[in-house]
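Visitor: Show me how the following folds:
(chains A, B and C)
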Amino acid sequence: MFYIHQHSCISPQQTFNDVDLEKLHEPVDKKLQAIEPSYEHIPPGMLRRMGKAVRMGVGAALPLLQDNTLPDGIILGTANGGKEDCVKFLNQIIEYNEGMLTPLNFVQGTPNAIASQIGILTKNHGYNITHMHLGLAFENVLTDADMLINDKPSNQYLIGAVDDISNSNYYFEDKGGWYKKESINRLDFYDTGTTGSVAGEAAVMFIANGIKKNAIAKVIAIDTLHNRDVSVMKEKLIGFIANNLPAGEKIDVLLSGENGDNRLQEYFNAAEYIAGENVVVARYKHMTGEYPTATAMGLWLSCIILRQQVIPAHMVKKQLPVSGYKNILIYNTYKGNQHSFIVASLP
Amino acid sequence: MNRIVVTGIGVISAIGNTVAENRASLIEGRCGISKLEMFPSKFSGSLPVAEVKISTAALKEKLNAHDPGVTRTTLLALHALQEALTCSHLTTEQISSFDTALIGGNTVGGMCLTDEMYEDAKKETAGSEYIASYDYGSVNIYLQQRYKMNGIINTINTACSSSANAIMYGARLIESGRVKRAIVGGVDSLAKFTINGFNALHILSAETCTPFDENRKGLNLGEGAAFLVLEKESDCIGKKNYATLSGYSNANDAYHASSLSDEGNGPYKAMNDALVKAELTASEIDFINAHGTGTENNDRVEGTAILRLFGKVPAFTSTKANTGHTLGAAAAIEAVYAVLNLYHQELYPGINFKDSISTLGLTPLQSYKKMEIHNIMSNSFGFGGNCSSLIFSKA
Amino acid sequence: MENAALKQQLKQQIVEFLNLLTVKPEDIKDDEPLFGEGLGLDSIDSIELIVLLNREYGIVIEDPKEGRKILVNVNTMADYIEKHRTK
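Guide: Numbering: from 1, shown residues only, chains lettered A, B, ... in the order given. Now for the predicted structure:
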């Protein structure tokens, strides 16, 4: 269990600087692309080298580190960070037939470049790690942070996740059948009954520690599962709720990672069933698109919902009269094999 | 009884396909570095690399791994994993248990298929069988599915310290009570991608590498994999304990994307913090398996940091002179070697060395030695300033 | 090619190749140090510039350390190009 004190989000919606979640930006050409800021905190000498994932990640992190916040470590997740630069380097290899090549794309393409650049910019010698396990990269970030903070509650960490839509990633996923064949807008995002979703990207960062005072939210529990069998997933979720929700507490909101892909619907239906009738169901992938670390934005949205005690109408799938939002269950599956379960609560 | 113990090990590298073969090679001081031959490249026949001399097709046959999309990286990992699991006598139920974690590091993933990835990244091509294999997590996803694992699975990429972080993460999962056992390690296969990347940075040597030598000219890339099974001592009474993982640390140099600071702040902090975790003093380290890549920067900086930390520098070598630099697998392979040192109470000779770095005066151990060994430090420092140090101790 | 024109072209190439976002070619003085003070480039930039010299002018420099002696400023680069270019 740990507390979130600050957060920052660069995404396809208006989530950076003046947050306005009512102003919904729609997919264009089956992509929800991030609205990138001017990155004034990143020195031009470093910015010139950064691919999109790196500049989004660094750009989201730096505002949280401006007031001399010196985290004890930097823990990031990305499934594909820097892949765009990898492919640029690959293109050089082919184009110049393994001749004289410029190394920058190779160096910037290493996925730990995001955490490393943040470390260099802030001269941070603490714990520094990049988790890469696809749809559970961010969940491993949370687990890692949870263990570290539990060991030393006064320690604080910059934690987060980034994934971008690069040309290559988009084509890999599209050819693998993970994006819609048809054009899509937000009104029919969840209801086409067809396979695939829409590509998305975001960089989400948090400052986390073990101190309750002035916290925005609390992450009570995290768990993960690899299994395609929906009955195993159900059993896991039931156990997760039973073992982690404090006595007398209940889930108020299920924040579902439903993404419009009909092949995955059985998992999200199962989560709704297990969460129970008296739970508000909300969805967010129409805001973020689908990408491996989308649950980071799920957690960010949970922080906003818990603070403002309002869920934007376009997110709500099932509304109920509730006295307040206290405990949010964030459930997601990435491609049906990887499942994640997170509970975020008022501090 | 709360110690983290190593109950199984598995390794494949240019100097052997099994633990026993690797050990025999280390004892005799065998060098696994030769001219590139296993895949077509401009560098074939000229660039010294450390290859596992089994073709990808032969690995598929041997491991019965004919699933579409399986890459060489995955196959090497599977080979070492199988050995570690057999060695540890984990049952099928234990492997599939929610209490068992699999944590692996790698830096190449499916990008060993450089040409295929180039084609698949184009809009107009149909998509090969490897479409879902290029990322780093796909290696551990394959292993998870093959062994029907249900516990915590993770993939870590911190460049050359990836598998050290995998080992640490697994140990911490056990210490925090989240899992009962953790299968930890890493892999990387040789690829046009990494060969050209390191070549572009001018840190490959055109000759066999000479770690810690005054006239060192760079590193030789290698490939391989290694896994260790970690368990809590109280959970495996009666099982063979090869060694204990008594200390570890992750620290960042925070200086430059692809080189270490002259003072070696990151390496120093990692080594020092690992000692603190192990509750040991520097003088209690009997041997260091150094990162020792053979580059001008690493060996000078690592040597500087070692001199800063150790009043009397213990015996040390870099086994990268035997295996090449296996990137994501390096820390795990070298962890297995540290375990072998402790289990057999022996040290292996450093090779490919002539003259000490003049400003440091450090000489790697030059001969095989049987001696009492209690604690071994193993260092891995990667791009992005990702520094790590592991300490293994006698069981 | 005239020396002045070469230097002009070189400055343009440096800005584009290294993606110098806040520097215009005309801002770079001929004798301004490229590394350390002045333009503030680093070791990765020096390797990039060696590749630039190869791709644009057919010059081969094997050792980055030797390269740094040539890559002092635009003047030294232009002089070297004039003497050694094969394109």
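
Visitor: Phi first, then psi, for residue 80.
Guide: Picked chain A for this. Main-chain torsions, A:Asn80, degrees, to the nearest 10: phi -130, psi 10.

Visitor: meant chain C, my bad for not saying
Guide: Note on C:Tyr80: backbone dihedrals following degrees, to the nearest 10 are phi -70, psi -40.

Visitor: mind listing what it touches?
Guide: Applying C-beta atoms under 8 Å, 6 or more residues apart in numbering or on different chains to C:Tyr80 gives the contacts C:Leu53, C:Ile59, C:Ile70. (C-beta placed from N, C-alpha, C; glycine too.)

Visitor: 7 Å - rerun?
Guide: Going by C-beta atoms under 7 Å, 6 or more residues apart in numbering or on different chains, C:Tyr80 touches C:Ile70.

Visitor: now do A:Val58
Guide: Residues in contact with A:Val58, defined by C-beta under 7 Å, 6+ apart, are A:Ile42, A:Met50, A:Ile114, A:Gln117, A:Ile118, A:Leu121.

Visitor: Repeat that for B:Gln366.
Guide: B:Pro349, B:Gly350.

Visitor: one more time with 8 Å, if that's ok
Guide: The contact partners of B:Gln366, by C-beta under 8 Å, 6+ apart, come to B:Pro349, B:Gly350, B:Phe353.

Visitor: Please report which of those residues has the highest neighbour count.
Guide: Within the contacts of B:Gln366, B:Gly350 tops the neighbour count with 23 neighbours, counted by other C-beta atoms under 10 Å in any protein chain shown.

Visitor: Sticking with that residue, tell me its helix or strand.
Guide: Assigned by DSSP states H and E, B:Gly350 falls within no helix or strand.

Visitor: ok, now how distant is it from B:Lys240?
Guide: 29 Å (C-beta to C-beta, to the nearest Å).

Visitor: Look at A:Gln66 and say how many residues are nearby.
Guide: Using other C-beta under 10 Å, A:Gln66 is surrounded by 9 other residues.

Visitor: excluding its backbone neighbours, what's nearest residue 39?
Guide: Since no chain was named, I'll use chain A. Spatial nearest neighbour of A:Tyr39, chain neighbours left out: A:Gly59 (4.7 Å); criterion: C-beta to C-beta, 6 or more residues apart in numbering or on different chains.

Visitor: you looked at the wrong chain, it should be chain C
Guide: C:Glu32 (6.3 Å).

Visitor: wait, the one you found sits on C:Val72?
Guide: No: using C-beta atoms under 8 Å, C:Glu32 makes no contact with C:Val72, being 9.9 Å away.

Visitor: count of residues packed around A:Lys152?
Guide: Look at A:Lys152: counted by other C-beta under 10 Å, it has 11 neighbours.

Visitor: interface residues of the stretch 251-395 of chain B facing chain C?
Guide: B:His256, B:Ala257, B:Ser258, B:Ser259 (C-beta under 8 Å from any C-beta of the partner chain).

Visitor: you'd agree the last one is up against C:Ile47?
Guide: No: taking C-beta under 8 Å as the contact criterion, B:Ser259 and C:Ile47 are not neighbours in contact, 11.9 Å apart.

Visitor: what about the lowest-mean-pLDDT helix or strand in chain C and chain A, touching?
Guide: Taking mean pLDDT, DSSP states H and E as the measure, the helix or strand of chain C with the lowest value is helix C:64-70, at a mean of 90. No: applying C-beta under 8 Å from any C-beta, one finds helix C:64-70 separated from chain A by no less than 10.4 Å.
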